[in-house]
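Q: Predicted structure and sequence below. I'll ask about it afterward.
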Amino acid sequence: MTIRPLQPQDLPAYFVLRTALWPDSAADFELEVSKILNHPHLASFVAEQKGRLAGFVEVSLREYAEGCDSSPVGYLEGWYVAPKHRKTGIGRRLVQAAEDWARAKGCSEMASDSELSNTPSHQAHARLGYQEVERTVCFRKSL
Ligand SMILES: CC(C)(COP(=O)(O)OP(=O)(O)OC[C@H]1O[C@@H](n2cnc3c(N)ncnc32)[C@H](O)[C@@H]1OP(=O)(O)O)[C@@H](O)C(=O)NCCC(=O)NCCS
């Protein structure tokens, strides 16, 4: 298993993984991936095995993140491993790549978020050393 930065030739396989995590992102895929490939404050790392992608992590630099004291903060924007590859250590290696990237950008803290109901993600974050700092409920209202 190789962990490496996303490359333009990955895009068809990357589309499959990314829309598995975020089904609503399909329409904006090309725009969002173009930003990731070209913006110095964004990065994506993929896990590749025998020429196939098994997972990815997207990471950014954010000026502020809940519970953090420093700025900028490395932020896990998206983290996904295909079901048949889970619990084999790929997710951990992807996050390590994201953390190395953020450290190289001068960050001393990482942050992330997860839906309240995604208990497996909470547990996986905890195993990787991420402490829960806040719970949030989002609201909307039509005007
Ligand atoms: C979260 C996710 C990326 C983890 O990927 P993974 O490749 O299975 O992770 P790893 O095998 O590297 O496991 C990392 C650690 O988390 C733990 N872990 C992983 N999945 C877990 C689960 N479902 N429940 C509890 N702990 C879990 C592992 O035991 C491991 O800890 P350890 O090394 O101390 O034993 C993967 O489960 C996934 O894609 N889930 C669906 C998408 C998602 O929820 N993403 C996160 C959104 S915030």
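A: Right, received. Where do you want to start? Residues are numbered from 1 along each chain as shown.
Q: Show me which parts of stretch 54-69 are buried, residue by residue.
A: 54-62, 65, 68 (16 or more other C-beta atoms under 10 Å). Heads up, the C-betas are built off the backbone N, CA and C, glycines and all.
Q: If we check the ligand, which of those are in contact?
A: Among those, not one lies near the ligand by C-beta under 6 Å from any ligand atom.
Q: Farthest-apart pair in those residues, please.
A: Ala54 and Cys68 (29.8 Å; C-beta to C-beta).
Q: In strands, which of the buried residues of stretch 54-69 appear?
A: Taking DSSP state E as the definition of strands, the buried residues of stretch 54-69 contribute 54-62.
Q: other SSEs contacting the longest helix anywhere in the chain?
A: If you go by DSSP state H, the chain has its longest helix at helix 90-104. The contact analysis (3 or more C-beta pairs under 8 Å, 6 or more residues apart in numbering; DSSP states H and E) places helix 90-104 against strand 2-5, strand 42-49, strand 52-62, strand 73-81, strand 110-112.
Q: Identify the residues contacting stretch 65-72?
A: 41, 61-64, 73, 75, 105-109, 111, 131, 133-134 (C-beta atoms under 8 Å, 6 or more residues apart in numbering).
Q: Mark which of those are buried, thanks.
A: 61-62, 73, 75, 107, 111.
Q: Phe15 - that's part of a strand, no?
A: No - secondary structure of Phe15 (DSSP: H, G, I helix; E, B strand; the rest coil): helix, not part of a strand.
Q: where's it relative to Pro23, distance?
A: From Phe15 over to Pro23 the distance is 12 Å, taken as C-beta to C-beta, to the nearest Å.
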